[in-house]
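Enquirer: fold the following and give me the result.
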Amino acid sequence: MILAKSLVKSFGTFSAVDGIDLQVQKGECFGLLGPNGAGKSTFISMTYGTVQRSRGELSVFGYDPKTDSREIKKRMGVVTQENALDESLSVFENMMIYGAFIGLPKSERKSRIDELLEYMNLAHKKEALIQTLSGGMKRRLVFVRALLGKPELLILDEPTTGLDPAVRHLLWGKVKELHQAGTTIVLTTHYMHEAEVLCDRLVILNRGKIVADGSPQQMIQQHTPGFVGIFKPEDKTHVEKIVANEKNLNFHEDTSGLYLRAPDLNQLATLHSNHGLQPLQIRPSNLEDVFLKLTGQELSVDA
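Expert: The predicted model follows:
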């Protein structure tokens with residue numbers, strides 16, 4: 001579906017995308033993760049031709065976005081970061097205008113819109129003005145818009161940012177349904193759990209370069225295997241003494257608390273009996289731990 005080789009996008013002396021190689025296979029849900037400024041949005045913009053690459057190769061459906069962006073857009077749907085809906089028009093009017101814009105035959109527009117409004121639990125808001133919708137409803141409507149043309153490739157650019165957990169989980173369910181139906185999906189997100197739940201495979205970008213590639217579980221096993229214990233900030237001095245004398249314990253502190261990672265659950269479970277420390281929580285390592293390590297905010301500088 002998407003093939004990039006030695007892909008570069010420079011703005012003056014700054015390389016937003018710096019020589020990346022990646023391939024998105026037909027039918028997979030592919031994640032593109034990274035901190036702000038890592039190059040995610042620049043890469044996405046290059047796939048549908050709104051940003052032109054500086055060097056390297058890029059193809060989507062076998063087409064070059066530089067010369068064939070119109071052909072690519074016919075087969076692609078995009079859930080953008082911004083809703084970009086006309087607040088003065090109704091839900092139905094917005095979708096009818098977009099359907100005409102993408103060339104959806106007039107005879108099919110109404111039925112397709114009705115079908116997707118039902119699918120996204122928005123049928124009861126068909127005649128409502130956009131300005132009366134909640135944030136979650138607007139987000140679901142952007143999904144409707146992206147799906148109007150029955151895309152083979154669906155780009156989800158931070159699709160659930162700012163949404164409450166109930167709406168986020170509803171959208172996760174819809175994404176899974178689309179994936180199971182054969183739609184190829186590319187997801188960018190700042191929610192690591194979202195990527196773990198939805199993605200078959202993903203890459204982590206940092207400063208324009210790919211720093212990890214694989215399934216979520218492969219990344220966890222490779223970069224942050226084991227378990228994490230979370231402790232109260234007032235335990236810091238005690239924790240630091242333990243880390244100095246215990247092997248394989250990695251320590252990280254941030255504003256939310258103290259974190260210890262160990263390859264073995266027993267090392268964390270026995271901290272109370274051996275040292276009088278009571279963890280607030282013990283959990284398996286997850287994709288967020290991988291992300292923090294590979295983007296420079298790790299549990300330990302030498303882990």
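
Enquirer: the domain parsing of the protein - what is it?
Expert: Per automatic domain parsing, the structural domains of the chain span 2-216, 226-284.

Enquirer: I'd like those domains as a markdown table, with distance to Thr295, mean neighbour count and mean pLDDT appended.
Expert: (Each C-beta comes from the backbone N, C-alpha and C, glycine too.) What follows is those, written out as a markdown table (distance: least, Cβ to Cβ, whole Å; neighbours: other Cβ atoms under 10 Å; pLDDT from 0 to 100):
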| stretch | distance to Thr295 | mean neighbour count | mean pLDDT |
| --- | --- | --- | --- |
| domain 2-216 | 5 | 17 | 94 |
| domain 226-284 | 13 | 15 | 84 |
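
Enquirer: so which of the ones you listed comes closest to Gly296?
Expert: domain 2-216 (7.3 Å; Cβ to Cβ).

Enquirer: measure that closest one end to end?
Expert: One end of domain 2-216 sits 20 Å from the other (Cα to Cα, to the nearest Å).

Enquirer: chain center to that domain: distance?
Expert: Chain-centre distance of domain 2-216: 10 Å, with Cα atoms, centre = their mean, to the nearest Å.

Enquirer: return the residues in contact with the residue nearest the centre of the chain.
Expert: Central residue of the chain (Cα atoms, centre = their mean): Thr189, 2.5 Å from the mean position. The contact partners of Thr189, taken as Cβ atoms under 8 Å, 6 or more residues apart in numbering, are Gly31, Leu33, Leu156, Glu158, Pro159, Thr160, Thr161, Ala195.

Enquirer: just to revisit the earlier point, could the domains of the chain go into CSV alongside distance to Lys293?
Expert: CSV is the format used below for the domains of the chain (distance: least, Cβ to Cβ, whole Å):
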stretch, distance to Lys293
domain 2-216, 9
domain 226-284, 9
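
Enquirer: Val290: which of these is closest?
Expert: Closest approach to Val290 among these (Cβ to Cβ): domain 2-216, 6.8 Å.

Enquirer: tell me where this protein has strands.
Expert: Under the criterion DSSP state E, strands of the chain are mapped to 2-11, 14-24, 29-33, 55-60, 76-79, 153-157, 184-188, 201-206, 209-214, 227-231, 250-254, 257-262, 281-284.

Enquirer: want to try CSV for the ones you listed, with distance to Ser45 as columns?
Expert: Below are the strands of the chain laid out as CSV (distance: least, Cβ to Cβ, whole Å):
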stretch, distance to Ser45
strand 2-11, 9
strand 14-24, 10
strand 29-33, 12
strand 55-60, 11
strand 76-79, 10
strand 153-157, 9
strand 184-188, 11
strand 201-206, 14
strand 209-214, 18
strand 227-231, 35
strand 250-254, 32
strand 257-262, 35
strand 281-284, 35
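
Enquirer: tell me how far stretch 228-240 lies from the chain's centre.
Expert: Using Cα atoms, centre = their mean, the offset of stretch 228-240 from its chain centre is 31 Å.

Enquirer: if we can go back for a sec, out of the strands of the chain, which gets nearest to Glu240?
Expert: Evaluated over the strands of the chain, closeness to Glu240 peaks at strand 250-254, with 7.0 Å, by Cβ to Cβ.

Enquirer: the closest one relative to strand 227-231, how many degrees between them?
Expert: With axes from the mean of the first three to the mean of the last three Cα atoms, to 10 degrees as the basis, strand 250-254 and strand 227-231 are set at 40 degrees to each other.

Enquirer: got the angle between strand 250-254 and strand 257-262?
Expert: Angle of strand 250-254 versus strand 257-262, following the same axes, to 10 degrees, is 160 degrees.

Enquirer: distance from strand 250-254 to the middle of the chain?
Expert: Computed by Cα atoms, centre = their mean, the chain-centroid distance of strand 250-254 equals 25 Å.

Enquirer: stretch 276-292 now?
Expert: 21 Å.
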